[in-house]
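Q: got a predicted structure plus its sequence, pasted below:
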Amino acid sequence: MIFKIEYRDSGSKARAGIISTAHGEIKTPIFMPVGTQGTVKGVHQHELDEVIHAQIILGNTYHLYLRPGTEILQKAGGLHNFMQWHKPILTDSGGYQVYSLKGMRKITEEGVKFQSHIDGSRHFFTPESVMDIQRQIGADIIMAFDECTHYPCEYKYARNSMLMTHRWLQRCIGRIGETEPNYGYRQIFSPIVQGSTFPDLRKESAEFIAAQHQDMNAIGGLSVGEPHDDMYAMTELVCDILPTDKPRYLMGVGLPENILESIALGIDMFDCVLPSRNARHGMIYTKNGIINIKNAKWQDDFSPIDSESTAQTSRLHSKAYLRHLFKVEELLGGQIATLQNLSFFLWLVNESRKQIESGTFTGWKKDMLKSVSQRL
């Protein structure tokens, strides 16, 4: 087994566990910083390790396939060696990028024809080729090729897409079974539940995915514009069906409050670009709430950005200084803000784990939900 549950919360479905991978153990619940193109924007690898204390990061098959390309990655000995990050990596299959390339792609039963967003060159992804690419990238956890449906989505389209995703999954499993990892270590494979916001489709998809008996399972097609209540309802429905002894990954989620609510529903893994993307626009996440550092109210506030942050830069530098950096458009502003936001997101899941261990998660979550979502 790659997953061991160590603690369960008595007041919810939250659990704390350990996922074992070829490049180390991951303590759950966990948030994965997004390193789409072989880098978490604005953050050096030693900062990911020593400041943010990331246990795993995410790379993207679509982007890495286009640049630097799989030939370069293979010559380097895989993504771990290429970027000098020797902890676990998960690669998304590119299904979400297919979703976002509307007007530049054509989806068929065989796969997806698409144009590069970089130079317009034409490419073709199939379930088989995406498995091969992820073998070449060398991530510890690789995802099935799926279609992420838009929101709102017509029922007929959502059902047809879900069934095609299931057929693609069987082709992915077949390809994984007939190939070997490129770099001598085992790769963990994860199917993805789809079905938009339709309960019957989500139920059907979760049952199909559970029946594949893979090492972990993911939930896709949420956090694409649907109301949060719908996201939680679909997540709860699916978690009640997916096996309890396998890790559950809610893809692309999300806000601090989304993470807390989803942990309570039984989710173990999260990723989202929001903490790093919003950091570059001056939105700072802290335990006490959200700061828009560009606002004039911070121009003479010489208190630390976040006195409780695990990032030394947030304890050392003032809100006034960070606001100044943003106003004069210095790159350091985005770097400091990114370190703060990712440190906070990692603190949030680590503290959730501690609260689950101590049996106090439910009460603590209730208090934290009020804090993390308020604007300061």
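A: Done, it's in.

Q: tell me the first helix or strand C-terminal of the longest helix along the chain.
A: When the chain is parsed with DSSP state H, its longest helix is helix 331-358. The helix or strand immediately downstream of helix 331-358 is helix 361-372, counting by DSSP states H and E.

Q: domains in the chain, by residue range?
A: For the chain, automatic domain parsing gives the domain ranges 56-272, 273-367.

Q: how long is the last one end to end?
A: When the termini of domain 273-367 are compared using C-alpha to C-alpha, to the nearest Å, they are 25 Å apart.

Q: and it, average pLDDT?
A: What domain 273-367 shows for mean pLDDT is 97.

Q: ok now it, how far from the chain's centre?
A: 19 Å (C-alpha atoms, centre = their mean, to the nearest Å).

Q: Throw the domains of the chain into CSV and include distance to E25 and mean neighbour count, thanks.
A: Every C-beta, even on glycine, is put in place using the N, C-alpha and C of the backbone. Putting the domains of the chain into CSV (distance: least, C-beta to C-beta, whole Å; neighbours: other C-beta atoms under 10 Å) gives the following:
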stretch, distance to E25, mean neighbour count
domain 56-272, 9, 20
domain 273-367, 13, 19
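
Q: export these to JSON lines and tack on distance to A22?
A: Converted to JSON lines, those look like this (distance: least, C-beta to C-beta, whole Å):
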{"stretch": "domain 56-272", "distance to A22": "4"}
{"stretch": "domain 273-367", "distance to A22": "22"}
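
Q: got the contact list for E6?
A: For E6, the contact set (C-beta atoms under 8 Å, 6 or more residues apart in numbering) comprises A16, G17, I18, E357.

Q: that one should be in a helix, yeah?
A: No - under DSSP: H, G, I helix; E, B strand; the rest coil, E6 falls outside any helix and is assigned strand.

Q: farthest-separated two in the contacts of E6?
A: Spatial extent of the contacts of E6 (C-beta to C-beta) is set by the pair I18 and E357 at 12.3 Å.

Q: before we move on, the earlier item: angle of the longest helix of the chain against helix 361-372?
A: For helix 331-358 against helix 361-372, the angle between stretch directions is 160 degrees (axes from the mean of the first three to the mean of the last three C-alpha atoms, to 10 degrees).

Q: and the domains of the chain: which comes nearest R8?
A: Of all the domains of the chain, domain 273-367 comes closest under C-beta to C-beta, at 7.3 Å.

Q: now do the contacts for G77.
A: G138, Y183.

Q: pLDDT score assigned to it?
A: Reported pLDDT for G77: 98.

Q: state the mean pLDDT of stretch 231-244.
A: The model assigns stretch 231-244 a mean pLDDT of 98.

Q: which residues touch that stretch?
A: Stretch 231-244 is contacted from outside by 5, 13, 193, 195, 197, 199, 202-203, 205-207, 209-210, 217, 219, 222-223, 248, 250, 253-254, 258, 261-262, 265-267, using C-beta under 8 Å, 6+ apart.

Q: where do the strands sit along the stretch 51-200 of the chain?
A: For the stretch 51-200 of the chain, the strands defined by DSSP state E, counting those that start in this stretch cover 57-60, 89-92, 105-107, 112-115, 122-125, 141-143, 188-190, 192-193.

Q: reformat those strands as TSV; add distance to A76 and mean pLDDT.
A: TSV is the format used below for the strands of the stretch 51-200 of the chain (distance: least, C-beta to C-beta, whole Å; pLDDT from 0 to 100):
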stretch	distance to A76	mean pLDDT
strand 57-60	13	97
strand 89-92	13	97
strand 105-107	29	92
strand 112-115	25	93
strand 122-125	21	95
strand 141-143	18	98
strand 188-190	21	98
strand 192-193	28	98
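
Q: the ones you listed: which one's closest to E330?
A: strand 57-60 (25.5 Å).
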